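Q: The following comprises the amino acid sequence and a computationally predicted model.
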Amino acid sequence: MIEMQDVWKTYPNGAHALQGISVKIDRNEFVYIVGPSGAGKSTFMKLIYREEVPTKGQISVSGFNIGKLKPRKIPYVRRNIGVIFQDFRLLPKLTAYENVAFALEVIEAPKKIIRKRVTEVLDLVGLKNKAGRLPAQLSGGEQQRVAIARAIVNNPTVIIADEPTGNLDPETSWEIMQLLDEINFRGTTIVMATHNKDIVNTMRKRVIAIEQGTIVRDQPRGEYGYDF
Amino acid sequence: MTFRTFLRHLREGTKNVFRNGWMSVASITSIIVSLFILGVFVLLVLNVNSFADEADSQVQISVFLNTGVDDAMRQQLETAIREMPEVSKVTFVDKAQGLKDLRQKLGKDGDDLLEGYTAETNPIPDTLKVEVIESTTVGFVAGKIEDLNKQYESKPVYKVRYGKGTVEKLFQVTRMIRNVGFVFVGGLGLMAMFLISNTIRVTILARRREIGIMKLVGATNYFIRWPFFIEGSLIGLIGSVITVGLLFAGYRGLEQSIGYDVTLNFRLVPLQNFGIPMGGLLILLGVLIGMWGSTVSIRKFLKV
């Protein structure tokens, strides 16, 4: 599903974000990426959805050779990858429904299918009756649900979540985690960077710890392992 | 791209024009100003050209005869002129024909002017139209005809008239107008493009985050670019349609107020002779300027 071979990333300012990462994530896995701030977690995620290109090494995501991808092809890869962020990144002028529908409009899906599919996922994330609201009229947790609905609406093979609970209170965080677990259960690979000790230690999954650009720990049903 | 997607882009692009309010107004105004000046120059050149053509075809000498010159005298004069080596053709236009010609030339406007002139009160003199082989010899031939007149005791020629030099001057003027026009219009066109690209740049800056999000969910560059493209073309279209409207309305007004100038033998080229191609070209130009402006400004934002 996701495979990295000796991946290095050095930014133009000289920062060595990743130094020789090799990892394999299988279909249907749920992986936590943990580690201190600035260790390279975000870079790791960005490489997967081709926001950044590796300086060296190979990355393949669901069959695409990400490192050698032509810029023209990027959108088509992204349609196989759902992304979720700490700050939700919804389009502010569109309603919850329209935000989710947008991901399907982009791939020019027929209107009928859009309506059916969007209703379905909004139902799944529990926002069916708030479909007509603008992001500003929704709570943080609700906005993140819309973002999740958008991420899964075109059935991606993998979801990349960069601290999806970072801006949410503990209770809402748990709701979001249950949702992600449910999506994972339905067959979507999930890679989630997090600083949330409780979640990692309670909802046990594979844990990959990154420090100073290298993987220092990779254990199934692992622990968070830090005190922050 | 499906038709529905195209409609979506059309809707988005149109919305953007209104969303940007004053910036759009500024861009449209700059298009109007530059295209209007271009249009004025085109109209000027068009008319000066047609006037010059007319004048060129009129490099002939009009020999007006005094009233009461009889046919025998006239024929004698005609033969004498025809025998000059520089002359190619001599035509006699009698006063009735002259009046008819003038009526025709003036068209509707002339009806009032020439009302009441009958065969008896006809003010037009009998005229010999003399054409020369080489247009540069017009002055010389005219002099010869005047000399010829002096040889007759009855002095049958009232006046000899010709239009030497006007043609050359006209062509000079045309060329100058054209050159000045090119410089002017070029500069203004650039300004219009710059303003449009700036308007769209502002839009894009304001929507940079949104564009980033769109790209994250897998929108292609084309998908993102189309609404901006439409916005630019629409600004160009609105501006150029307004320009063509102003220009043609103004020209119509001018046509009506000038009509036919008898002394200059001048009439504006009628609008219907060139209106559609010229209007079409101006609108096309406006749309192209708009498209160019939008393409330039969005290109660098789409990398990543």
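A: Looks like it arrived, so ask away.
Q: tell me the secondary structure for the most centrally placed residue in chain A?
A: Geometric centre of chain A, nearest residue: A:Ile160, 1.7 Å, by Cα atoms, centre = their mean. Three-state assignment for A:Ile160 (DSSP: H, G, I helix; E, B strand; the rest coil): strand.
Q: Contacts only, for it.
A: Counting by Cβ atoms under 8 Å, 6 or more residues apart in numbering or on different chains, A:Ile160 touches A:45, A:48-49, A:81-84, A:191-192. Quick note: C-beta positions are derived from backbone N, CA and C, even for glycine.
Q: and the residue in the stretch 151-300 of chain B positioned nearest to chain A, how many neighbours?
A: Per Cβ to the nearest Cβ, B:Gly218 is where the stretch 151-300 of chain B lies closest to chain A, at 3.8 Å. Using other Cβ atoms under 10 Å in any protein chain shown, B:Gly218 has 24 other residues around it.
Q: wait, what's in contact with it?
A: Residues in contact with B:Gly218 (Cβ under 8 Å, 6+ apart) are A:75-79, A:103, A:106-107, A:154.
Q: Which of the residues you listed are buried, as a PyMOL select command?
A: This is how PyMOL selects the buried members of the contacts of B:Gly218, with burial counted by 16 or more other Cβ atoms under 10 Å in any protein chain shown:
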select buried, chain A and resi 75+77+78+79+103+106+107+154
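Q: wait, what's in contact with B:Val180?
A: Applying Cβ under 8 Å, 6+ apart to B:Val180 gives the contacts B:Phe41.
Q: Flag every residue of chain B that's near chain A.
A: B:1-2, B:4-5, B:8, B:209-210, B:212-221, B:223, B:303-304 (Cβ under 8 Å from any Cβ of the partner chain).
Q: Go ahead and build a PyMOL selection from the buried members of the residues you listed.
A: Buried subset of the residues of chain B next to chain A, written as a PyMOL selection, criterion 16+ other Cβ under 10 Å:
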select buried, chain B and resi 5+8+210+213+214+215+216+217+218+219+220+221+223
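Q: Among the residues of chain B next to chain A, which lie within helices?
A: Among the residues of chain B next to chain A, the members found in helices (DSSP state H) are B:4-5, B:8, B:209-210, B:212-216, B:221, B:223.
Q: Of those, which pair is most distant in space?
A: Farthest-apart pair in these is B:Arg4 and B:Arg209; separation 25.9 Å (Cβ to Cβ).
Q: Just checking the distance from the longest helix along chain A to the centre of its chain.
A: Secondary structure of chain A per DSSP H: the longest helix is helix A:170-185. Relative to its parent chain, helix A:170-185 has a centroid offset of 13 Å by Cα atoms, centre = their mean, to the nearest Å.
Q: avg pLDDT for whichever helix or strand comes after that helix?
A: Per DSSP states H and E, helix A:170-185 leads on to strand A:189-193 as the next helix or strand towards the C-terminus. Mean pLDDT, strand A:189-193: 96.
Q: Direction included, what does strand A:189-193 pair against?
A: Taking DSSP bridges as the criterion, strand A:189-193 sits next to strand A:30-34 (parallel), strand A:158-162 (parallel) in its sheet.
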